[in-house]
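Engineer: build me a model:
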Amino acid sequence: MSEQVAIDALGTRGDGIAREPTTVFVPFALPGERVTIERQGGRGQLLSVDEPSPERQAAPCPHFGRCGGCDLQHLSEGLYAGFKRDLVVDALAREGLSPPIAPLVPCAPASRRRAVFTAVRAGPRILFGFHEALSHRIAPIDTCLVVVPEIVARLKRFERLATLLIDRKRELRMTVTRTQTGLDVAIEQTAKLSAELRQATIGWGAEDQAVARLSVDGETLIENRMPMVDVAGVPVPFPPGAFLQAVAKAEDHMAELALAHLADTKTVADLFCGFGAFTLRLARRHAVHAAEFDAPALDALERARRGATGLKPIKVERRDLYRRPLTIKELAKFDGVLFDPPRAGAEAQARELAGSSVRRIAAVSCNPVTLARDAAILVAGGYRLLSVTPIDQFLWSHHVEAVALFER
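Structural biologist: Here you go, the predicted structure:
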């Protein structure tokens, strides 16, 4: 049964919230609107916008509303920027923190250099694209306004590759990354590679020299060129399907903030360092201890370090910082720390830092909630939270990055 409701606010995932007669979350609705919905538990399917908000704009992508990659294309520029900044403000406020918070650093369309696609069987068809919001269903796409053109131009080719390799019962996952030397294509959860299928896959890769490397379930089938990522002038061999910041300019901005804050420190620990996106920048001026658990990432950093010139000493350590954070005693040798953990944050490491003598800390985060928790731990340990800068890296989504700067 349909009903009309008034939208009061936006939730943290960008859904409109109606509170009368009972609370319901309505995707694609905006504050101040009256909308007709069909209630499905605590969520409402939007049937019509009866009184639209002046902040509503036409979504530019033809797949908006079905594809789960973007959920905020219908917001005006001002409402969008304010919403993302407020995610950081509100998360910190819940922990009792109210530092200076900069305006949102914007993100340009067609700038995301890494995309993760999914393919599934649907009867005789193969669906290739992104998941729908809060669903295991796949929304097929033939364009994408946020991903770099080199990837978008090959969507049909990637779909053809997925059709070759998809397993009968499992979703196929394909990570495509634009590197300095071409596209890295890493595929997981595929069908068993018979000799015939292996040759067909190699044939697919031979058709397009823009593909630097193709790997399937960890095995490299094609390597026309080693995929390389440039980090402040240092070439880094890119591990298959590895993590890197999705937008190069966003990474640059994060690095600028962190490096400026740590400029007068001598020895720096870079924790959760990955393949060295911040380590190699830091090493232009600082001796760096780089800690990370992912072995291929550390191997890439080691290879980059050995081939680079003009760097200060870099010590690389493989370490699970969730189980074995650097201790207060170990931190005594550093006067600066940068940490960039996954979404779970760095609670155990923050507790050790809170008792340490490290003078300056830069925290890079992809989750305002865990950043706020970790920040509260540091502040309780005597640090001052000097500033927080929200950075937009996943355009038109509810995800936001942030850089927080601390001083003792």
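
Engineer: so which residues of the stretch 151-300 of the chain form strands?
Structural biologist: 172-179, 182-188, 211-216, 219-223, 228-231, 234-237, 267-271, 287-292 (DSSP state E, counting those that start in this stretch).

Engineer: please identify the deepest-packed of those.
Structural biologist: Highest mean neighbour count of the strands of the stretch 151-300 of the chain: strand 267-271, a mean of 26 (counted as mean count of other Cβ atoms under 10 Å). (Glycine included, C-beta is placed from N, CA and C.)

Engineer: quick one: strands adjacent to that one?
Structural biologist: strand 287-292 (parallel), strand 336-339 (parallel) (DSSP bridges).

Engineer: for the ones you listed, which one sits closest to residue 328?
Structural biologist: Comparison of the strands paired with strand 267-271 against residue 328 by Cβ to Cβ identifies strand 336-339 as nearest, at 12.2 Å.

Engineer: number of residues surrounding residue 277?
Structural biologist: 24 (other Cβ atoms under 10 Å).

Engineer: residue contacts, it?
Structural biologist: 229, 231, 244, 245, 251, 255 (Cβ atoms under 8 Å, 6 or more residues apart in numbering).

Engineer: on that earlier part again, closest one to residue 72 among the strands paired with strand 267-271?
Structural biologist: That would be, of those and by Cβ to Cβ, strand 336-339, which comes in at 28.3 Å.

Engineer: can I get the helix or strand following that closest one as CSV, trimmed to CA atoms?
Structural biologist: Once strand 336-339 ends, the next helix or strand along the chain (criterion: DSSP states H and E) is helix 347-354. The C-alpha trace of helix 347-354 is given here as CSV (Å, rounded to 0.1, in the frame of the first residue of the first chain):
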residue,chain,number,x,y,z
GLU,A,347,42.0,1.4,17.5
ALA,A,348,44.8,-0.8,18.9
GLN,A,349,47.5,1.4,17.4
ALA,A,350,45.8,4.6,18.5
ARG,A,351,45.8,3.3,22.1
GLU,A,352,49.6,2.8,21.9
LEU,A,353,50.1,6.2,20.3
ALA,A,354,48.0,7.8,23.0
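
Engineer: from here on, count from 50
Structural biologist: Fine by me, first position is 50 from now on; the one you just mentioned is helix 396-403.

Engineer: tell me what helix 396-403 is packed against?
Structural biologist: Contacts defined by 3 or more Cβ pairs under 8 Å, 6 or more residues apart in numbering; DSSP states H and E place helix 396-403 against helix 377-380, helix 417-429.

Engineer: got the contact list for the first one?
Structural biologist: Yep, that's helix 377-380 we're talking about. Residues contacting helix 377-380 (Cβ under 8 Å, 6+ apart): 318, 386, 401, 402, 404, 405, 406, 407.
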